[in-house]
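**Q** Sharing a model that was predicted from the sequence below.
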Amino acid sequence: MTVDPSLAELSDTLFSIAVAVYSVAVVAFSAQLAFGRRPARQLVAAGAGARTDADAPAAPSRTDRWGLAGLAVTVLGAAVHAGVLVTRGMAADRLPWGNMYEFATAVVLVGVVVYLVLAVRVPAVRDIGAFVLAPVVVSLVAIGLFLYTETGPLVAALRSSWLAVHVTSAILGFGIFFVSGIASVLYLLRSRQEARGAAADGSFLARLPGAVTLDRVAHRTAVFGFPIWTFAIIAGAIWAESAWGRFWGWDPKETWSFIAWVVYAGYLHARTTAGWRGRPAAWVNVVGLAVMVFNLLYVNMVSTGLHSYGGLD
C-alpha cells in the first residue's frame, strides 16, 4: 500500500495549525474568564419554576464577546483538527486511527466536539472553555512530540473490519469521558468555594457555572459515554475471539479497560447513592479519567501485550 506524501505532509501541517488555533481560543476564553460578566445565579424567585445559570439566556456584553469569539475560534480549530485525520486517512487509504498518534488525536477531537455541543445547548458551559481547551492544547503538543508516527499502512493485527467498530467506539467513549472528567474537577473546585461562602468573591472560580451545573454536565456526559465504552469492550472481546481464539485473556489493555468500566459504573451508581452524591462521586469520576489516560499510555509505552502496537519506536 502506497502513501500519498503530499496528503501526509498536509495532515502534519494541519496538526500544527490546529494547535495554534486552539491556543488562540484559550486566550479568548481566558479573557472572558478574566473580564466577562459573572453568570447570574438565580434569575427568578426560588421554587418549582426557578431558572438557573445553566438555563437562562443573556445578551452578551462587550467583554462576553470574548467568550463568543473563543467559541467561534474553537469551531475553526475543530474543523482544522478534523482535517488532520481526514487527510491522513486519505494519504494512507485507511481509517486514520491505527496507532497511538492517530487514536489520541481523534480522542481529543471528540472531546472538543462534545464541549462545543454542550456550549451551544447550555450557554453557561462556555465559561469553562479555557479549562477544556488548555488541556486540549497540552495534549496535542504532547501527542505531536511523543506519539507522532509517520503515515503508513496498518499493522497486520489491525487489518479487520472490527477496527471501524471497536476502535471508533473506544475513541468516542474516551473523548466523552475527557470532558466529563474536566467538569468533575471544576465541580470539586467550585463546590468547595461555594461551601466556604466565597461565591461572591473576585476569583476566577466565581465566574464559572455553579456547582450544580458542573455536576450535571459531568453526570450527563458520563451517562452518554458509559454505554459507548461498554460497547467498545464487548466489540473488542468479539474481535479478540476472531483474531486470537478467545474472548478475554486479561491482556493489560483488556484489564485496564475493564477497570475503567468498573470505575465509571461505580461513579454512576454513586450519583444515586446517599452518602456518595456530590464530591465523593465526583472524585470517582476523576479517578475514571485518570485510569483512561493510564490505560492509553501505560499499555503502549510501558507494558507488553497483544495490544502493544501503537506505532512507537
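**A** Okay, I see it.
**Q** Would you mind listing the buried residues in stretch 98-113?
**A** Buried residues in stretch 98-113, counted by 16 or more other C-beta atoms under 10 Å: 98-113. (C-beta placed from N, C-alpha, C; glycine too.)
**Q** same deal with stretch 141-156?
**A** Neighbour-count burial for stretch 141-156, counted by 16+ other C-beta under 10 Å, picks out 143-144, 147, 151, 154.
**Q** Please identify which pair of those lies farthest apart.
**A** The largest separation in the buried residues of stretch 141-156, counting by C-beta to C-beta, is between 144 and 154 at 21.1 Å.
**Q** least confident pick among the buried residues of stretch 98-113?
**A** In terms of pLDDT, residue 98 ranks lowest among those, with 85.
**Q** which helices and strands does whichever strand or helix holds residue 22 pack with?
**A** Taking DSSP states H and E as the definition, residue 22 sits inside helix 5-35. In terms of contacts (3 or more C-beta pairs under 8 Å, 6 or more residues apart in numbering; DSSP states H and E), helix 5-35 is packed against helix 65-92, helix 129-142.
**Q** Pick the one among the buried residues of stretch 141-156 closest to residue 192.
**A** residue 143 (31.6 Å).
**Q** Leaving out chain neighbours, which residue sits closest to that closest one?
**A** residue 104 (4.9 Å; C-beta to C-beta, 6 or more residues apart in numbering).
**Q** now that neighbour: how far from residue 67?
**A** With distances taken as C-beta to C-beta, to the nearest Å, residue 104 is found 28 Å from residue 67.
**Q** Also residue 80?
**A** Distance, residue 80 to residue 67, by C-beta to C-beta: 20 Å.
**Q** Just want to know which of those two has more residues nearby.
**A** residue 67 (23 against 19; other C-beta atoms under 10 Å).
**Q** What sits closest to that one if chain neighbours are left out?
**A** Once flanking residues are discounted, residue 67 sits nearest to residue 32: 3.7 Å by C-beta to C-beta, 6+ apart.
**Q** cool, and residue 259?
**A** Setting aside the residues directly before and after it, residue 259 is nearest to residue 291 in space (C-beta to C-beta, 6+ apart), at 5.8 Å.
**Q** cool, residue 181 as well?
**A** Counting by C-beta to C-beta, 6+ apart, residue 289 is the residue found nearest to residue 181 once chain neighbours are left out, at 3.0 Å.
**Q** can you pull the pLDDT of residue 310?
**A** 53.
**Q** now do residue 46
**A** pLDDT for residue 46: 35.
**Q** With residue 21 instead?
**A** On pLDDT, residue 21 comes in at 98.
**Q** what about residue 262, neighbour count?
**A** The tally of other residues near residue 262 (other C-beta under 10 Å) stands at 12.
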